[in-house]
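1. Need coordinates for the below:
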Amino acid sequence: MEPHVGDRLERRHEELLRLVYGTPEGPPGDAAAELAAVEAELAERLGPAVTGPADAGPTYGDTSADDPSDGSGPPAPVAASGRRPLGRGRAIAAAVGILALVAIALAVLAPAREALSPPRGLAVFERAQTPEERGRTDEIATAAELQPSEAATLRSLGRAFGHDFWAFRDDDRVCLLVRRQFFFSWVTSCTSVDGFAEHGLSRRIVADDIRDGARPRRIGPGDVVVMTWGPESIDLEWTVER
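-> Residues are numbered from 1 along each chain as shown. Have a look, this model is predicted:
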């Protein structure tokens with residue numbers, strides 16, 4: 001083949017490539033057919049050195065060309081990574097999978113979140129009794145002379161300054177149970193639900209009633225510790241009156 005003939009054929013090949021693949025509204029006339037013929041001739045003359053589309057080009061006027069899944073029409077755009085974009089079905093499946101993973105994560109984290117966010121105020125009665133609470137319910141109910149309905153609502157508020165603090169409910173009443181540890185009696189303070197929402201429940205403990213091992217150094221003889229459990233309390237709160 002003469003060099004000038006090959007150059008002319010290659011230039012025409014490049015022009016046809018621009019017409020067929022670079023024209024948004026489709027190639028004019030029979031450019032696609034001519035491109036196929038030129039590529040066939042180049043392949044015949046130059047052998048495997050020719051690079052370019054292996055088929056006769058896209059088919060225009062067929063609505064199926066817009067769907068890359070059926071193998072017809074122009075090649076789907078390739079991302080910079082070399083991967084084709086996800087089809088619509090795959091994208092939906094991926095989104096559903098992500099939502100499922102989020103739901104599983106929330107289900108797993110819910111108990112941890114509950115443990116990290118203890119109940120406030122009267123919300124303590126919304127949780128189930130712990131094994132320790134169930135184990136002491138009969139003992140406390142008997143010693144404090146509680147009714148069965150009251151005993152069923154017993155919840156521990158913890159220990160502080162050598163005293164045990166528990167709470168129970170009876171319809172519209174909310175009660176605080178306090179006992180100095182080791183063989184002392186339970187003391188009960190009650191109020192209405194509305195009263196609790198406004199003021200909470202408090203118990204005053206004289207410093208002399210706090211054994212030495214449970215009394216901080218800054219609490220001196222004659223001081224009074226005011227223990228409070230209120231509507232926003234997570235733990236028992238206390239202040240000191242001199």
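2. only C-alpha atoms for contact and neighbour calcs from this point on.
-> OK.
3. How about the contacts made by Trp229?
-> Contact analysis of Trp229 by CA atoms under 8 Å, 6 or more residues apart in numbering lists 121, 200-202, 235-237.
4. Tell me the bridge partners for it.
-> Beta bridges link Trp229 to Leu201 when assigned by DSSP bridges.
5. Would you state the helices of this structure in chain order?
-> Remark: helices assigned in the chain by DSSP state H are 3-21, 31-46, 88-116, 131-144, 148-151, 193-199.
6. State the pLDDT value of Glu25.
-> At Glu25, the model reports a pLDDT of 64.
7. Then the one 3 residues further on?
-> Reading off the confidence values, Pro28 has pLDDT 67.
8. Count the residues that sit near Arg242.
-> 11 (other CA atoms under 10 Å).
9. Could you pull up the residues touching the residue nearest to it when sequence neighbours are not counted?
-> Nearest residue to Arg242 in three dimensions, chain neighbours excluded: Asp223, at 4.7 Å (CA to CA, 6 or more residues apart in numbering). Going by CA under 8 Å, 6+ apart, Asp223 touches 206-207, 240-242.
10. same thing with Arg169?
-> When contacts are taken as CA under 8 Å, 6+ apart, Arg169 is in contact with 150, 153-154, 175.
11. Kindly provide the distance from it to Leu157.
-> 13 Å (CA to CA, to the nearest Å).
12. And Gly222, by the same measure?
-> 26 Å.
13. what's the span of stretch 164-175, first residue to last?
-> End to end - CA to CA - stretch 164-175 spans 14 Å.
14. For it, which residues meet the burial criterion?
-> Neighbour counts using 16 or more other CA atoms under 10 Å place 164-170, 174-175 of stretch 164-175 among the buried residues.
15. quick one: which of these sit in strands?
-> 164-170, 174-175 (DSSP state E).
16. picking that back up, settle it for me: which of Gly222 and Leu157 has more neighbours?
-> Leu157 (18 against 11).
17. of all the helices of the chain, which lies closest to Ala214?
-> Across these, Ala214 has its closest neighbour in helix 131-144 (22.1 Å, CA to CA).
18. Greatest separation within the buried residues of stretch 164-175: which pair is it?
-> Asp164 and Asp170 (20.1 Å).
19. any low-confidence regions in the protein?
-> Residues of the chain meeting the criterion pLDDT under 70: 1-6, 22-29, 46-88, 105-116.
20. okay, now the closest residue to Ser202 other than its chain neighbours: neighbour count?
-> With CA to CA, 6+ apart as the criterion, Ser202 has its nearest non-adjacent residue at 4.3 Å, and that residue is Thr228. A count of nearby residues for Thr228, using other CA under 10 Å, gives 18.
21. Please apply the same query to the one 5 residues further on.
-> Using other CA under 10 Å, Ser233 has 17 neighbouring residues.
22. Go ahead and confirm Val224 touches Val206.
-> Yes: using CA atoms under 8 Å, Val224 is in contact with Val206, at 4.5 Å.
23. what sits against Val240?
-> Counted by CA under 8 Å, 6+ apart, Val240 has contacts 219, 223-226.
24. Specify the beta-bridge partners of it.
-> Checking Val240 by DSSP bridges, which sets the bridge assignment, gives partners Val225.
25. Kindly provide the distance from it to Val20.
-> 89 Å.
26. Could you dump the contacts of Asp223 into JSON lines with distance to Ala95 added?
-> As requested, the contacts of Asp223 are exported to JSON lines (distance: CA to CA, whole Å):
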{"residue": "Val206", "distance to Ala95": "63"}
{"residue": "Ala207", "distance to Ala95": "63"}
{"residue": "Val240", "distance to Ala95": "57"}
{"residue": "Glu241", "distance to Ala95": "60"}
{"residue": "Arg242", "distance to Ala95": "63"}
